[in-house]
Structure formats: C-alpha cells, structure tokens
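Peer 1: Here's a sequence, model it:
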Amino acid sequence: VGALATELTAPPPPIPGFGPPQVNTAAEGGVFRVVGATSPEACATFCTATPPECVGFSYAMRNQSCSTSGWSPSFTLVSSPSAVYYPRIRHNNESSVAIAVPYTLEVLSAGVGLRSGPLAEAFNANLIYLLKFPVDDMLYWFRQRNASSNSAGKPVPPPPGASWGWDNGGPDKPYGLRGSVAGGFLMGAGGAVRWGGSAATIVELRTRVHSVVQGIKACRDGDGYIMAFPKNESTRHENPDYVTSWVTHGLLEAAVAGEVDALPLLRGHFDWFNAASNLPTFLPPAGQTTPFGVNRTGQEFDDGHKIYLIYQGLIHNTRLALSSVGQQQDVDVARDRYEEQWWLAQLAHRNVSAIWQRSLYPHNYEITAIEGYMDLYHITGDPRYLDAVDGFWAMFREHWLHVGGTVAIKEWKFYPPGSYYVDTTGEFPHGSPTQKNCSLNPAIPDRLRCPKDDPKCKTCGHSTGETCGQVFWVKLNQRLHQLRPLNATYAAEIEQTVLNGIVSQITPLPEGGDPSTVLGIRQFAVLHKTKMVLSNISTCCEGQATRALGQLPEYIATVDPAHASVYLDLYADATLSLSPLGHPSYSLSIDTQWPANESVSVSIMQAASAESTRARQESFGMSIMVRIPHWLASEQADVVVTSAAAPDEHFVGQPGAYLRIHRSWQVGDTVHFSLPMELRVTRYTGLTVIPGYDRYAVMYGPVLLAAVGGAWDNDLDTMPVYNVSTPANASSWLRRASGQPGIVFEVASNPSMRFVPYYLVQGEVFEVYPGFV
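Peer 2: Numbers count the residues shown, from 1 in each chain. This next block holds a predicted model:
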C-alpha cells in the first residue's frame, strides 16, 4: 500500500522522555491485533486509518481476517507509516533477581570425573579439538574493533593472529560472525576445565581460557561494551542474538571455571545493551506463521526486525539473570523486548504450525527460546511460560525427534510434523542430496494431487540431525528434570540424545589413543549412507557440541541438598563427590562398562582429602535415587545393597521411574544392579520412502544401531536387508556376533552385515533405516 511507504520530508521532532528518533523502513511490530476483513484492500484501509500504531498487516484468506502489527506502546511509538521509532528512555532496574519457583535439583559443576566408556572418550576428544584454537586468532576481531574505535578514523594495522572460520564469514558473508569463535571456545573449554585435573591438556586449556577473558577485558569500552563487532552493527545480521549469545554462554562457562573477570565483563556489557537506544529496532516480529516462509536476503535481513532467528536472543538475558550478577533489568528486557505472546499462546494450545511454520524462521533454534521461557518461569512463576514449554516439548518430541533422539527440523526448508527426512548424505560439509527417493515437497499447496513424476512435487536435501538442536534439546530437558525430578522421562531424553546425537559427532579418543584422529566436530548427525565430514571452522554446531562435550560429567547425576539425595541419571564409569550434600569426606564410585556391559555397582568411597580412620568409621544419612530406565529388558530391576556392617538389603525398581534407597551409609557400602537391554525396531513413517519397501531402525536399549558391512544398492539408495519375513521382530533376524566385544549384532541370513552403535560409526558406509527386501 503506497501510503505505508511514504518517506519523511523533514526530520522527525524530538519527544520528551524518548531517545533520538530512528528511521527504519523494515518495520514490523511486537504486538498484533486481529480484525475481520473481506479483502486485502480492507486490511489496508484499516491499517492506514489507525496511525501511529499500525506499521503493516497480513491477510488470511482462509478466515478473511488480517493482523495489524505495531510496537508495544510501553516502550516505543511509531510516528508515521514510514516507521520512525522513538525509543523510550529506560531506567535499568539494578535490583537482584528473585526466584519464584526454585528448582528441586541442582546441576553439578565440579567433583565429577569420567574414567572410561563412550562419554569419557568423547570428553577426551573434545579437549584435543579445543587445542586447535590459537588465542590471537580468537581475539582478532575484538582487538580490531577496539583499535578502530580509538583511531580517530585513521587506518589501523591488523592485529596479531588470523581471522578464520565463522568469524570470517560463515552464513553471514561478507560480515562474519565476529567474536563467535572466542565464544565457542570459551563454551567448550570453560565447561571442560571446571572438572579439574593436572593433565597437560587441561593446564593449557585453562591458560587459554584466562588469556581470552583477559583479552576481551583489554578491549572493553568505557561504557562496558565488549563485543567484537562495532556498536553501529548491533542491530544487524545475527550480532545482537547469535553472537551475543555465544559470547555470553562462553563467559558464563569461564566464570564457573574460576575466571573472576568473566561475570563483571558480562554485567558491564548488558548494562549497555539493556539500555541501548536502538534496542527496539530488533524486537521480535508480530507475524505468527507463514505457509511459505521468507527469504534470508536483502534489507529485510540486514536491518531491523527481521534479524535472523530473532528469538534466540532471549537466552542471553535469561542466563545472565540467573547468574550471581543477574539483575531485574535482564528479566525486564527479556519479557518486554523479546517475549512473543502470540507464540506462547499457540504453543500452549499445541498448535504444531507454531513450530514448523512460525515466522520468522522455523528452525531447531526455537528450542533456545523455549529454554529462555523455562528460565522465565523459574524466575517469575508465570504459568504462561510453563504451559508454552510443556506444549512445545510434547509437540517436538512427538513430531520432530528421529529415532535415537536427534532433531528432525532445520532452517531453509519446511519440515512438516512427522516428516523425518533422511534424504541427505554426508559427503560434503553441508550434506549432499541423495537424488533418490526424494520426498514430497510440502511447499506445493496441493502436493497430494501433484503427479508423482512431476519434479516440482519432490525435493531432496533436507539436512537433519543438526548438532545444535541436540544440545538445545538436552539443555531443555535438563531444566525440566530439575523442576520435576521424579519424572524419569527427561533423563531418558538426555541419555539417548547424548549418546546418539552428541557423542556421535566427534571421533572417540580412548585412554592412550592417537590425538591426531580428532579432526573436528560434525555439524549434522546424518542417518543415511555416510556421516558428515569433521569440520574445524567453529560452526554453530561445533560451538554447541564442544559446550555439551565439555559438560558431559554434569549429566551423570544431580543433587537435592534439601532432601539429602543424589539422583543417578546417566550410567557411566565415573566418580562423584558428595560435597554438594555436605559430605566432603565421601564420594560415589560408579563402576560400570555400560552400555557394553549391563552390570552397575555404586560404592561409597572415602575422599582423598578425608581423615582416613574417622571417615571409614562414620556413617551418614542420604538417599540414592536410582533411575530404572524405561527400556529395561525385564519387568523390574532387582537392586541389592551390600555392607560390611549389616545384612544385604533387597529393593525392587520399576522401569521408567526412580528407586529411592534411603539409609545410613558408610565407606564400602555398595549398590548392585543390572540394566539388561533388548533389541527393538521402529518402522519408518517419514516422507523419504522407498516405493514398495519398508524401512526399519534398530535400537538396543537407548543405543541407536547402524547397519554396516552390507552391499549398497544404488537403485534403491539403501543398504538392503534380504530374506527377512518379520522385520518388526528383531530377534528373528539379528543375533549377537560371536567373538566381538561390545555391542555388535549380525544379520542371521547375511553375517557380514552387522548392526553397531551409531556413535562408533566413522568413515564407513552405513544405514540407520535400511530397506527390507
């Protein structure tokens, strides 16, 4: 509508109580109003008749209504249809954050050590990956920005080091996501070194973490600004949300690792950010869902409201708010600037379109916003947030999780509920379309009537299993576990996603292994033919994966100090200090080779620093909460507690629940139990079908298996399994491979074809959903 594009002919006048007016022609609003309308023209008439609130509209033909959008009047006014913003002058509330709904469980940040097994091997490999980040390279753009801002416009020589990876381009060429490499490193290294140790690798990483934090401090502006991109680019590209979140996550992890300057740096920066006069120009849009999406190009991406993945900005404010330097201003900005009330309502009402068709852009990064809303529930107690979180969790788990717990939605293309695409292989850094068995294209309105031989009807190349999404899913379930500790479902979600979607993304490094085999981290958990190549360019997925890999010890157990309880959430060969429960003289030793072996023993041990005689003789009260997994192959778990001071005690645990063992414990007491697993198959119901054939995936307990060693059929584009009459009954065609350690099954009719843990697959050809012929 021409009236909406009218340009100002004179500078807008100042308004008392508001900052300098800002012109931005790419305007959309943060609130919306729905009105009845018989045509788009009627929408336009309504919009132009209600200045200054209306800055645009969208028309829905299905129900003949339009949504008019405008800024929240609490903070901004639009003085004309050409979108002049008057940012209201904010006075930051520096009071501390009050927690309305305390979590029952605490996440451990020290005192856990992994000894052996898949988690330990992935943790060790991550340490080697992190050594690939030189300090000068990570600080390159921080120093460049600092020098340029103090040069009085004169050219400045380049700083030491080099700019590479996503700092130097990535998806936002030619600008780059400057500062994201340092943020990714701090996320991973800060998470890893907190567990202690004197190994040379840990010592070197701790030194680099300190050097990066001090380098950022040296480049800080007088007003607290610390980012690597210039202030005048704070409203552009992914700077205010993606990059700022990465640096925030990184400094928060560095703080937990003992860097005393990390939190003050964040506090100073967000004092600037929360009061920035241009903050309103990147509020979330008022639009709800769209059937065809929008292009990530041009002015709509470069400026203002349509910053890419705007919703991911919520998380940096909520995480800071929950830190020891958090203030109410961080909560206020999260609620007033980033909150999308329409989205909360749609998620609470279980509208799947609000996930896969949301505007602006559907992606698994939506989970980061859900994490933020969970934080806001924790802080405020507002039930709207929890209702939305529960709605999102239920829909996402049902429709966008592959078997094994990897995510089945990504940016750029549409991923309808239950689409579960597996039409991408991993030969190239960003995947490669298979060009076989291509899926029906959901962007074709009458796709159901589209001729199957019409190329427009089908599309390939739906990347899936993005590592970022797996990490976000784990973090969301961790919060829900803290809130509802007796619901074992959340720990089960963490377990399968960690094994199949995070540990699987790096080459394992066993004790004494060759560090040169650790080449990088995979961006996607591809389920078809070949895994993604290992990359070392600090992609989004590398940053989140190294964060999760460094934090693997924290998923082993959680504690409830108020009830003197320790929850055993994941099973791995590990040690666990009982200091968080007030017993620094004692620790737990979890002795197991699970999942290769089903036996688990948990013993009370004397801490190395304890007085030997006294610690051995004393006893203390505590509850051990043993998670009995839902995938258990038996109807119940028989648990035995042995003690030199008392007869054996027997307990029975039910699958899918926690078993509470409360007693007086002393050194040497041991809990014994087994976790037998069984094979189960899942029939493929997604859109990447092989005409005339069924596809099945195989799980062994929570471990996703992949077929290897069979012949690849190029015509069917799968690794077929032949001569199996009942594929739904795995025990009828799979058997343990004799003489093979660990988890290895072979096809009875073709012993050369085997099913092995997906997390162990590296360069070989494989298939998760083979076709059965």
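
Peer 1: Contacts only, for His462.
Peer 2: Residues near His462 by CB atoms under 8 Å, 6 or more residues apart in numbering: Lys410, Lys413, Tyr415, Ser419, Tyr421, Asp423, Thr424, Ser439. C-beta here means a position set from N, CA and C on the backbone, and glycine is covered the same way.

Peer 1: Can you tell me, leaving aside adjacent residues, what's nearest to it?
Peer 2: Tyr421 (3.6 Å; CB to CB, 6 or more residues apart in numbering).

Peer 1: in this protein, which helix has the most residues?
Peer 2: In the chain, taking DSSP state H as the definition, the longest helix is helix 200-218.

Peer 1: Which residues belonging to that helix are considered buried?
Peer 2: By neighbour count on 16 or more other CB atoms under 10 Å, the buried set for helix 200-218 is Thr201, Ile202, Leu205, Arg206, Arg208, Val209, His210, Val212, Val213, Gly215, Ile216, Lys217.

Peer 1: since we're on Arg319, how many residues are nearby?
Peer 2: 20 (other CB atoms under 10 Å).

Peer 1: so what does the longest helix of the chain touch, helix or strand wise?
Peer 2: helix 118-130, helix 135-138, helix 140-149, helix 180-193, helix 244-256, helix 262-274 (3 or more CB pairs under 8 Å, 6 or more residues apart in numbering; DSSP states H and E).

Peer 1: Dump the first one to PDB, keeping only the CA atoms.
Peer 2: Spelled out, that is helix 118-130. Coordinates of each C-alpha in helix 118-130 appear next as PDB, following Å, rounded to 0.1, in the frame of the first residue of the first chain:
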ATOM      1  CA  PRO A 118      31.700 -43.600  25.400                       C
ATOM      2  CA  LEU A 119      31.200 -40.400  27.400                       C
ATOM      3  CA  ALA A 120      34.800 -40.300  28.600                       C
ATOM      4  CA  GLU A 121      36.200 -41.000  25.100                       C
ATOM      5  CA  ALA A 122      34.100 -38.100  23.700                       C
ATOM      6  CA  PHE A 123      35.100 -35.800  26.600                       C
ATOM      7  CA  ASN A 124      38.800 -36.600  25.900                       C
ATOM      8  CA  ALA A 125      38.500 -36.000  22.200                       C
ATOM      9  CA  ASN A 126      36.900 -32.600  22.800                       C
ATOM     10  CA  LEU A 127      40.000 -31.500  24.800                       C
ATOM     11  CA  ILE A 128      42.100 -32.200  21.700                       C
ATOM     12  CA  TYR A 129      39.600 -30.400  19.500                       C
ATOM     13  CA  LEU A 130      39.800 -27.300  21.700                       C
END
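
Peer 1: Tell me which residues are up against that helix.
Peer 2: If you take CB under 8 Å, 6+ apart as the criterion, helix 118-130 is touched by 114, 185, 188-189, 192, 201-202, 205, 208, 498-499, 502-503, 506-511, 513, 515, 518, 520-521, 536, 546, 549-550, 552-553, 556, 570, 572-574, 595, 757, 759.

Peer 1: Make a markdown table from the helices and strands packed on helix 200-218 and add distance to Arg319 and mean neighbour count to it.
Peer 2: A markdown table is the format used below for the helices and strands packed on helix 200-218 (distance: least, CB to CB, whole Å; neighbours: other CB atoms under 10 Å):
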| stretch | distance to Arg319 | mean neighbour count |
| --- | --- | --- |
| helix 118-130 | 21 | 24 |
| helix 135-138 | 21 | 20 |
| helix 140-149 | 21 | 21 |
| helix 180-193 | 12 | 30 |
| helix 244-256 | 6 | 25 |
| helix 262-274 | 9 | 21 |
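
Peer 1: Out of the ones you listed, flag the one nearest Phe772.
Peer 2: Closest of the helices and strands packed on helix 200-218 to Phe772 is helix 118-130, at 28.6 Å (criterion: CB to CB).

Peer 1: could you give the angle of that closest one to helix 200-218?
Peer 2: Angle of helix 118-130 versus helix 200-218, following axes from the mean of the first three to the mean of the last three CA atoms, to 10 degrees, is 50 degrees.

Peer 1: orientation of helix 118-130 relative to helix 180-193 in degrees?
Peer 2: 140 degrees.

Peer 1: List the buried residues of stretch 510-522.
Peer 2: Here stretch 510-522 shows Val518, Gly520, Ile521, Arg522 as buried, counting by 16+ other CB under 10 Å.

Peer 1: for the chain, which spans come out with low pLDDT?
Peer 2: Where the chain drops to pLDDT under 70, the residues are 1-90, 170-174, 235, 277-308, 359-360, 428-435, 440-458, 609-617.

Peer 1: what residues are up against the spatially most central residue of it?
Peer 2: Nearest residue to the geometric centre of the chain (CA atoms, centre = their mean): Phe472, 1.7 Å. Listed by CB under 8 Å, 6+ apart, the contact set of Phe472 reads Asn364, Tyr365, Ile367, Thr368, Glu371, Gln544.

Peer 1: could the buried residues of stretch 510-522 go into CSV alongside distance to His269 and secondary structure?
Peer 2: As requested, the buried residues of stretch 510-522 are exported to CSV (distance: CB to CB, whole Å; DSSP: H, G, I helix; E, B strand; the rest coil):
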residue, distance to His269, secondary structure
Val518, 33, coil
Gly520, 30, coil
Ile521, 28, strand
Arg522, 32, coil
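
Peer 1: Closest to Val256 out of the residues you listed?
Peer 2: Closest to Val256, out of all of these and judged by CB to CB, is Ile521, at 21.6 Å.

Peer 1: distance of the closest one from Gln544?
Peer 2: Here the distance between Ile521 and Gln544 works out to 9 Å (CB to CB, to the nearest Å).

Peer 1: which residues are in contact with both of these two?
Peer 2: Thr467.

Peer 1: Endpoints of stretch 691-709, how far apart?
Peer 2: Stretch 691-709 has an end-to-end distance of 24 Å (criterion: CA to CA, to the nearest Å).

Peer 1: That stretch: how far from the chain's middle?
Peer 2: 25 Å (CA atoms, centre = their mean, to the nearest Å).

Peer 1: for stretch 129-136, same thing?
Peer 2: 23 Å.

Peer 1: Which single one of the buried residues of stretch 510-522 is nearest to Gly404?
Peer 2: Arg522 (14.7 Å).

Peer 1: Now for the closest one: which residues touch it?
Peer 2: Gly426, Thr467, Ser504, Gln505, Ile506, Lys531, Met532, Val533, Leu534, Ser535, Cys541, Ala545.

Peer 1: top of the contacts of His462 by neighbour count?
Peer 2: Most surrounded of these: other CB under 10 Å gives Tyr415, at 28 neighbours.

Peer 1: okay but it is in contact with Ile409, surely?
Peer 2: Yes: using CB atoms under 8 Å, Tyr415 makes contact with Ile409 at a distance of 4.1 Å.

Peer 1: Overlap in contacts, these two.
Peer 2: What both Tyr415 and Ile409 touch, as defined by CB under 8 Å, 6+ apart, is the set Trp356, Pro362, Trp400.

Peer 1: how many neighbours does Gly739 have?
Peer 2: 6.

Peer 1: so how far is Pro751 from it?
Peer 2: Using CB to CB, Gly739 is found at 12 Å from Pro751.

Peer 1: and of the contacts of His462, the nearest to Gln654?
Peer 2: Ser419 (34.7 Å).

Peer 1: Ignoring the adjacent residues along the chain, who's closest to that closest one?
Peer 2: Ser419 sits nearest to Leu687 (CB to CB, 6+ apart), 4.8 Å away.

Peer 1: how close does that neighbour get to Pro157?
Peer 2: 54 Å.

Peer 1: Tell me which of these two has more neighbours.
Peer 2: A direct count of neighbours by other CB under 10 Å for Leu687 and Pro157 places Leu687 higher, at 22 against 7.

Peer 1: Would you mind confirming that that one is in contact with Val422?
Peer 2: No: taking contacts as CB under 8 Å, Leu687 lies outside contact range of Val422: 9.1 Å.
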